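Would you be able to build a 3D model of this:
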Amino acid sequence: MIRRPLVLALACALAAPPVILAQSSAHGPLRFEISFPSSTRGEPATGRVFVMITRNSKTEPRLQLNQVDGIPFFGRDVDNLTPGAAAVIDDSDLGFPIDHLRDIPAGDYYVQAFVNIYSEFRRADGHVVWMHDDQWEGQRWETSPGNLYSQVQRMHLDAASGYRIQLVADQKIPPVAVPPDTDSVKRLKFQSPMLTKFWGRPIYLGATVLLPRDYTKETMAYPVLYSQGHFSLDAPLKLDESKEIYQQWMRDDFPRMIVVTFQHPNPYFDDSYAVNSANVGPYGDAIMQELIPEIERRFRIIREPYARLLDGGSTGGWESLALQLFHPDFFGGTWTYCPDPVTFEVYEGVDIYKDENAFYKQHEWYRVPTANIRDTFGEAQLTVQQKLRFELVNGSKGRSGHQMDIWSAVFGPVGQDGFFAPLIDPLTGAIHHEVAAYWKEHYDLLNFVQRNWFTLGPKILDKLRIYTGDMDTFQLDKGVVLMEQWMRKTADPHYAGYFLYGDRKPHCWTGPGSQAERLREMAEFILRHKPEDARTPWWRY
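Next up is the predicted model:
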């Protein structure tokens, strides 16, 4: 669910002072004018401009954005902004965590402007939308190739005096450097016919494949672990010679298997959640009918359910569980860690079916703000209202590239404007219960299991292993508890699943034992479930 923040060195020394065109009298205008030169981009830009303000000069302001303890930033949409023309951010624009420019205390700050470029998508459903076209960075606008930013400026801001400041976004982010293949790590990327047809622009799928020791010297086929998670071009298992898992991976007595991570960024997020969606497109079909067959064609994989395993944490936890439940005859078992909400009765603090407003819990005589992020002592660090405000400043119409927006895009119906129909009004917190009903019918995993248990139950016996900390940072453990409570009561067949909780562990707890021990556990699971006549040359045990 959560994505690791990028921490990079400040790209360059502080540039020349900004152009301050006017210093007005008390309570004067507060205005940033953002432009880009034709030498940086020769054509107009439709997208969103930002101003970011920080006291910290250790990294560029664009790399300090965060929903918890992040810096103030402000955004505004622009349409067809020509080179040299100025887009304005002023006191009327929304900000986070500071509401307006006038709320910035007088002082000295480091300031940076940014332009996030959108592209036109003429979708197959007839809607035309402008969104950020991922450049294989994982839908991170602050580091996306082709986006523009200004050099960092140090300046004095005083809302009482007013200011009008020009910032020029004359820097362009370069293309992503894809790591080279090695003997054991291979990468593939191809244009998806299904997704390209849906979005009306080229859309790509990819995978990074970790091969076992001596793969090139053997002719055997291997079991495969499809390991789910956020977009990354790193080696699966983050395998390198400095890690303990590498030493185990290279041992003669360690089970040989292939580990695969998927890349499926889209205009809403760095990950599609591996299901078909009215807003995001037929990613479930594309992964099952295009990506996995291509992987299994290129590499020697045992093409049998008992030898296809799943795992993943957070976003990848939800995906690994959903793939197992939606395709029970294709996959042989899942190790699911800290999954995103498996039921929307507990949607990061909100019960979307019963609550009337996501921003607070209504008691008879008083209201309590709904907590979203907490520490392992239960202390709130961010409310639902603050989280939605953070995403709204990142992007209007669900174009933030962040968590609540992708959930609405994946789980929700299409709105009249071609973007998703929101579950929650980001300004008032009102819950749209007709949208909640759509979520429940299509993507509430607990509801899916309950409705389909008679046919699904026999197919998933011994296939579900779910782990979570009981103080999950995003309260995701609550949905897991509800699923376990229901499964304990199942009949015809009875299958309680396997659930394990880490005592006061936060997001994303993956259970006891090392990574190597977990892979051995998976290999032993395959041995127990293989056909009697299946040979196992991939492990000398």
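
Roughly how far does the closest residue to residue 349 other than its chain neighbours sit from residue 254?
Excluding its sequence neighbours, the residue lying closest to residue 349 (CB to CB, 6 or more residues apart in numbering) is residue 370, at 4.8 Å. All C-beta spots, glycine's among them, are computed from the backbone N, C-alpha and C. For residue 370, the distance to residue 254 (CB to CB, to the nearest Å) stands at 46 Å.

just residue 115 next, same as before
Look at residue 115 and residue 254: by CB to CB, they are 49 Å apart.

So if I had to pick from those two, which one is more boxed in?
Remark: of residue 115 and residue 254, residue 115 carries more neighbours, 25 against 20, as counted by other CB atoms under 10 Å.

which secondary structure elements does the longest helix anywhere in the chain contact?
For the chain, the helix with the greatest residue count under DSSP state H is helix 515-529. In terms of contacts (3 or more CB pairs under 8 Å, 6 or more residues apart in numbering; DSSP states H and E), helix 515-529 is packed against helix 244-249, strand 308-313, strand 333-337.

let's see it at 6 Å
Judged by 3 or more CB pairs under 6 Å, 6 or more residues apart in numbering; DSSP states H and E, helix 515-529 is in contact with helix 244-249.

how about the helix it packs on: buried residues?
245-246, 248-249 (16 or more other CB atoms under 10 Å).

tell me the two of those that are most distant?
Spatial extent of the buried residues of helix 244-249 (CB to CB) is set by the pair 246 and 248 at 7.3 Å.

which residues touch residue 192?
Contacts for residue 192 (CB atoms under 6 Å, 6 or more residues apart in numbering) come out as 203, 205, 286, 290.

can you do 10 Å?
Residues in contact with residue 192, defined by CB atoms under 10 Å, 6 or more residues apart in numbering, are 198-199, 202-206, 264, 281-283, 285-287, 289-291.

quick one: it from residue 35, how far?
Distance from residue 192 to residue 35, by CB to CB: 36 Å.

ok, the closest residue to residue 281 other than its chain neighbours - contacts?
Nearest non-adjacent residue to residue 281, counting by CB to CB, 6+ apart: residue 198, 3.9 Å away. Residue 198 makes contact with 121, 123-125, 192, 266, 276-277, 280-283, 286, according to CB under 10 Å, 6+ apart.

Buried ones among these?
121, 123, 192, 266, 276-277, 280-283, 286.

State the pair within those residues that is farthest apart.
Across these, the two lying at the largest distance from each other (CB to CB) are 121 and 276, at 17.5 Å.

related to what we said a few turns ago, considering the buried residues of helix 244-249, which is situated nearest to residue 46?
Within the buried residues of helix 244-249, the smallest distance to residue 46 is 45.0 Å, found for residue 245 (CB to CB).

residues contacting the closest one?
237-239, 254, 514-519.

List buried residues within those.
Buried among the contacts of residue 245 (16+ other CB under 10 Å): 237, 239, 254, 515-516, 518-519.

Can you lay out the residues you listed as CSV showing pLDDT and distance to residue 399?
Output for the buried ones among the contacts of residue 245, formatted as CSV (pLDDT from 0 to 100; distance: CB to CB, whole Å):
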residue, pLDDT, distance to residue 399
237, 95, 33
239, 89, 35
254, 96, 45
515, 95, 36
516, 95, 41
518, 97, 37
519, 97, 39
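
between the residues you listed, which is nearest residue 366?
residue 518 (46.1 Å).

any idea how far the closest residue to the closest one other than its chain neighbours lies from residue 521?
Among residues not flanking residue 518 along the chain, residue 335 sits closest, at 6.9 Å (CB to CB, 6+ apart). Residue 335 sits 8 Å away from residue 521, going by CB to CB.

Helix, strand, or coil at residue 89?
Put simply, residue 89 is strand when judged by DSSP: H, G, I helix; E, B strand; the rest coil.

Assess the claim that it and residue 74 are in contact.
Yes: between residue 89 and residue 74 there is a contact under CB atoms under 10 Å: 5.2 Å.

what touches both of these two?
Joint contacts of residue 89 and residue 74 (CB under 10 Å, 6+ apart) are 32, 49-51, 95, 101.

neighbour-wise, which of residue 335 and residue 521 wins?
residue 335 (27 against 14).

Report the contact partners of the more buried one.
Counting by CB under 10 Å, 6+ apart, residue 335 makes contact with 225, 227, 309-313, 317, 320-321, 324, 464-467, 498, 510-511, 518-519, 521-522, 525.
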